[in-house]
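*Asks:* Build the 3D model from these lines:
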Amino acid sequence: MTDEKFPPANNFPTGYVPPKVWTWEPGNGGAFASINRPTSGAQTEKPLPVGKHPLQLYSLATPNGQKVTILLEELLAAGHTGAEYDAWLINIGKGDQFGSGFVDINPNSKIPALMDHAPKDGGQPIRLFESASIMTYLADKFGAFLPSETRARAETLNWLFWQMGSAPFLGGGFGHFYAYAPIKIQYAIDRYAMEVKRQLDVLDRHLADNQFMAGADYTIADMAIWPWYGKIVLSQAYGDAGTFLDAASYENVVRWTNEIGARPAVKRGSIVNKTSGELSEQLHERHDASDFETNTQDKIAQSTEKTA
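*Replies:* Here you go, the predicted structure:
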């Protein structure tokens with residue numbers, strides 16, 4: 001059946017007509033075609049390692065992963081020693097997220113995932129998935145970075161969940177079609193670029209009157225938004241997307257981005273489970289605070305050279 005309003009000759013590819021019922025074509029998915037599929041559940045039997053700390057994080061330094069490691073490093077910097085954690089690498093490019101152990105924590109096979117082996121009320125370990133859920137849980141557990149006053153807490157959660165709703169337009173929408181799709185589709189790029197520009201304008205107008213997302217206090221809302229929109233401003237996401245979106249023109253977002261990016265805990269949290277970029281900014285696994293000094297990939301390479 002053809003659509004007179006949208007003739008197939010004008011579709012891309014030319015002549016394409018969506019079938020009545022979609023069927024999966026393996027390999028037709030761009031950069032992640034080898035691992036994406038329309039079914040859930042474990043694909044391999046692969047238990048997860050468990051380290052010495054109560055908090056066990058299984059992640060990768062995507063923006064969603066960085067949100068949680070930034071919070072953990074901020075908690076430790078604030079003196080919450082119970083926030084010590086082991087961060088294990090989940091290589092999504094190799095399909096680690098479809099291992100049985102990971103699926104047991106997150107049935108949706110998305111990073112990050114966390115196990116708390118020492119809940120406040122004791123008892124069995126608690127599984128946590130979805131980054132905002134993890135962040136809210138940790139902030140409540142340690143009584144930090146999530147205000148207790150009703151209005152301030154509500155404002156923090158407003159912006160935390162604004163990020164959860166907005167980021168798919170930036171990442172899965174704009175980022176995918178601009179940087180990862182096998183072909184450039186103007187309609188898709190234009191549509192999502194418009195949405196991301198609107199989001200940046202939302203942030204810019206809000207930050208004109210507020211130091212941080214929830215007002216005067218630095219909260220989990222800032223930590224959640226920064227790895228997504230701050231990285232665009234810094235031109236550290238999706239190639240030259242920052243230039244394409246003219247992100248530098250959002251002066252209030254730039255001010256906020258630089259202020260948060262200068263925090264030592266943010267710098268540390270940003271490199272945990274990171275597998276790309278400068279070797280000095282890649283800490284594949286984190287088990288102790290000393291790992292930032294001794295186990296980044298540049299230090300490992302130097303050690304290997306000395307023993308070779």
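*Asks:* how about stretch 137-150: buried residues?
*Replies:* 137, 138, 139, 141, 142, 144, 145, 146, 147 (16 or more other C-beta atoms under 10 Å). C-beta: built from backbone N, CA, C; applies to glycine.
*Asks:* Quote the end-to-end distance of that stretch.
*Replies:* Distance across stretch 137-150, first residue to last, is 17 Å (C-alpha to C-alpha, to the nearest Å).
*Asks:* okay but residue 177 is in contact with residue 187, surely?
*Replies:* No - counting by C-beta atoms under 8 Å, residue 177 stays clear of residue 187, with 9.1 Å between them.
*Asks:* Mean confidence (pLDDT) on the helix ranked longest in the chain, please.
*Replies:* Taking DSSP state H as the criterion, the chain has its longest helix at helix 186-207. Summarised as a single mean, pLDDT over helix 186-207 is 98.
*Asks:* In this protein, where is pLDDT below threshold?
*Replies:* Where the chain drops to pLDDT under 70, the residues are 1-3, 29-34, 308.
*Asks:* Please enumerate the helices of it.
*Replies:* 63-77, 100-105, 131-142, 150-168, 186-207, 220-225, 231-233, 241-244, 251-261, 264-271, 291-294, 297-307.
*Asks:* Of those, which is nearest residue 56?
*Replies:* helix 100-105 (9.2 Å; C-beta to C-beta).
*Asks:* Show me what the closest one packs onto, helices and strands only.
*Replies:* strand 113-116, strand 126-129 (3 or more C-beta pairs under 8 Å, 6 or more residues apart in numbering; DSSP states H and E).
*Asks:* Would you map out the domains in the protein?
*Replies:* The domain map for the chain lists 55-142, 150-270, with the assignment taken from automatic domain parsing.
*Asks:* Turn those domains into CSV, columns for distance to residue 297.
*Replies:* Converted to CSV, those look like this (distance: least, C-beta to C-beta, whole Å):
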stretch, distance to residue 297
domain 55-142, 12
domain 150-270, 15
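*Asks:* between those, which gets nearest to residue 8?
*Replies:* Proximity to residue 8, assessed across those by C-beta to C-beta, is greatest for domain 150-270 (15.4 Å).
*Asks:* Contacts for stretch 115-123, please.
*Replies:* If you take C-beta atoms under 8 Å, 6 or more residues apart in numbering as the criterion, stretch 115-123 is touched by 50, 54-56, 58, 82, 105, 125-128, 137, 141.
*Asks:* wait, what's in contact with the most centrally placed residue in the chain?
*Replies:* With distances taken as C-alpha atoms, centre = their mean, the chain has residue 64 as the residue nearest its mean C-alpha position (1.6 Å). Counting by C-beta under 8 Å, 6+ apart, residue 64 makes contact with 110, 111, 112, 131, 167, 227.
*Asks:* if I look at it, how far off is residue 225?
*Replies:* 12 Å (C-beta to C-beta, to the nearest Å).
*Asks:* now swap in residue 9 and tell me
*Replies:* In terms of C-beta to C-beta, residue 9 sits 43 Å off from residue 225.
*Asks:* most packed of the helices and strands packed on helix 100-105?
*Replies:* Comparing those by mean neighbour count (mean count of other C-beta atoms under 10 Å), strand 113-116 ranks first with a mean of 23.
*Asks:* What is the burial count for the closest residue to residue 38 other than its chain neighbours?
*Replies:* Ranked by C-beta to C-beta, 6 or more residues apart in numbering and with sequence neighbours excluded, the top spatial neighbour of residue 38 is residue 24, at 5.1 Å. A count of nearby residues for residue 24, using other C-beta atoms under 10 Å, gives 11.
*Asks:* Including distance to residue 194, could the helices and strands packed on helix 100-105 go into JSON lines?
*Replies:* As requested, the helices and strands packed on helix 100-105 are exported to JSON lines (distance: least, C-beta to C-beta, whole Å):
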{"stretch": "strand 113-116", "distance to residue 194": "33"}
{"stretch": "strand 126-129", "distance to residue 194": "31"}
